[in-house]
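> A structural model of the following input is requested.
(one chain, ligands or ions: 1)
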Amino acid sequence: MNRREDSRDPAPAAVQAPHTDASPGRALLAVRGLALSAGGAGRHDADRTLVRGLDWSVRAGECWCIIGRNGAGKSTLLRALAGVGTPQAGDILLQDKPLRDWPLPALARERAFLAQSRNDAFSYRVIDTVLMARHPYHANSYWEDTDDHRIAHDALRQMDVLDLAQRDVRTLSGGERQRVAIAALLAQDTPLMLLDEPATALDLAHQVAVMRLLSRLAREQGKCVIMVGHDLNLAASAATHALLLMGDGSWRAGSADEVLVPALLTECLGHPIGTVQYGAETRLGDPRDDGGRPGDTRGDDRRGTDRRGDDRRRIFINLET
Ligand SMILES: Nc1ncnc2c1ncn2[C@@H]1O[C@H](COP(=O)(O)OP(=O)(O)OP(=O)(O)O)[C@@H](O)[C@H]1O
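So this is what the prediction gives:
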């Protein structure tokens, strides 16, 4: 996406950005002309367009956050990317091959999907739910080997739930269950990781730890992370890129510095959003003292927007209640 010359201009309404093929490297996931409607294809009530003409490329090492209001279509899009459900139009290519052409076991070795909610109908030990994520690597066998156990234990340790390994999943708290589900996703060890609101139910320390982990997996292991989230500060702390769903079918995609800016977020979320900057020498203060008005990005220009090169951070503030 081209950055506007003067970011003080109001965001254009419902402008669709060009897809992100300008950046180098082959796309792990390529979305072409995708259309999604509420309720999915073939439903008589599938008349509200959630996403229209989505052209989007995602590469190894990128960490994307999908942002939008309730009902904008974030989960619907993530499910489509996981191969669940049929889009109204368009193609989703994983490593240049349409998702529908991937055999399920092979697809399960390429992408892992953390759904927004889950039901534990049966009694399973925590370790067993994580070991199940290793089954795509055992085409003709139900038995896990020692590598699987090591990987499962490592994943539980990374999510700080190794001590719960022998517990029945139905006895876990909401945050513990969420961390076990993320551990299972890690144990699946796929190049593409799709996470629907991974920070849900987590306490603050674990929210930050999960974002750091996802960011590191993308940066250091070349994983491709796509997550849905409502917390802008958490998203901004981890995401290299963002996709905004505007709610009327239009969308904006680009680097975090291009897209996670107050004017676009205000338009996307329908609520005034500004930023304040803090760092080693600047204390967090009242955002209204920081030169910000709803949709006003002058502060960004003045303070710069590189959130990874130094210790400065933008935090997003709702200016009005
Ligand atoms: N089976 C269905 N039948 C009819 N409408 C549906 C169906 N499934 C989803 N929808 C609608 O599609 C829209 C998009 O749903 P989706 O779950 O993708 O939104 P979302 O952006 O993830 O929202 P949230 O932030 O609340 O999680 C919603 O308005 C929802 O009510």
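
> what sits up against stretch 120-130?
Residues outside stretch 120-130 that contact it (CB atoms under 8 Å, 6 or more residues apart in numbering): 152-153, 155-156, 161, 164-170, 172, 177, 180-181, 183-184, 187. Bear in mind the C-beta positions are built from the backbone N, C-alpha and C, glycine included.

> Which of those residues fall in helices?
Members of the contacts of stretch 120-130 lying in helices (criterion: DSSP state H): 152, 153, 155, 156, 177, 180, 181, 183, 184, 187.

> before we move on, the earlier item: list buried residues within the contacts of stretch 120-130.
152-153, 155-156, 161, 164-165, 167, 169, 172, 177, 180-181, 183-184, 187 (16 or more other CB atoms under 10 Å).

> any idea which of the residues you listed is closest to residue 241?
residue 181 (24.0 Å; CB to CB).

> Could you check the pLDDT of that closest one?
Looking at residue 181, its pLDDT is 97.

> wait, doesn't it sit right on residue 116?
No - Residue 181 lies out of contact with residue 116 (CB atoms under 8 Å); the separation is 10.4 Å.

> For this protein, what lies in contact range of the ligand?
38, 39, 45, 50, 68, 70, 71, 72, 73, 74, 75, 76 (CB under 6 Å from any ligand atom).

> so which helix or strand takes in the residue nearest the centre of the chain?
Nearest to the mean C-alpha position of the chain, by CA atoms, centre = their mean, lies residue 227 at 1.2 Å. Assessed by DSSP states H and E, residue 227 sits inside strand 224-228.

> Over to residue 238: give its phi and psi.
Dihedral angles of residue 238 (phi, psi; degrees, to the nearest 10) stand at phi -120, psi -30.

> for residue 94, same thing?
Phi and psi for residue 94, reported as degrees, to the nearest 10, are phi -110, psi 120.

> what residues are up against it?
By CB under 8 Å, 6+ apart, the contact list for residue 94 reads 28, 29, 102, 107, 110, 111, 192.

> Counting neighbours, what do you get for residue 145?
A count of nearby residues for residue 145, using other CB atoms under 10 Å, gives 12.

> got it, and residue 171?
12.

> now do residue 185
21.

> Can you name the residues that contact it?
Contacts for residue 185 (CB under 8 Å, 6+ apart) come out as 112, 113, 114, 133, 193, 195.

> if I pick the fourth one, what's in contact with it?
When contacts are counted by CB under 8 Å, 6+ apart, residue 133 touches 112, 152, 184, 185, 187, 188.

> Quick check: the farthest pair among the residues you listed?
112 and 152 (13.7 Å).

> Same list (the contacts of residue 185) but as CSV, adding pLDDT and secondary structure.
Output for the contacts of residue 185, formatted as CSV (pLDDT from 0 to 100; DSSP: H, G, I helix; E, B strand; the rest coil):
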residue, pLDDT, secondary structure
112, 97, strand
113, 97, strand
114, 97, strand
133, 90, coil
193, 98, strand
195, 98, strand
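
> Can I get the buried ones among those residues as something I can paste into ChimeraX?
The buried residues among the contacts of residue 185 can be selected in ChimeraX (16+ other CB under 10 Å) with this line:
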select :112,113,114,133,193,195
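
> Could you identify the most distant pair in the contacts of residue 185?
Distance extremes for those: the farthest pair is 133 and 195 at 13.8 Å, using CB to CB.

> coming back round to it: select from the contacts of residue 94 the one having the most neighbours.
Counting neighbours by other CB under 10 Å, residue 29 leads the contacts of residue 94 with 24 neighbours.
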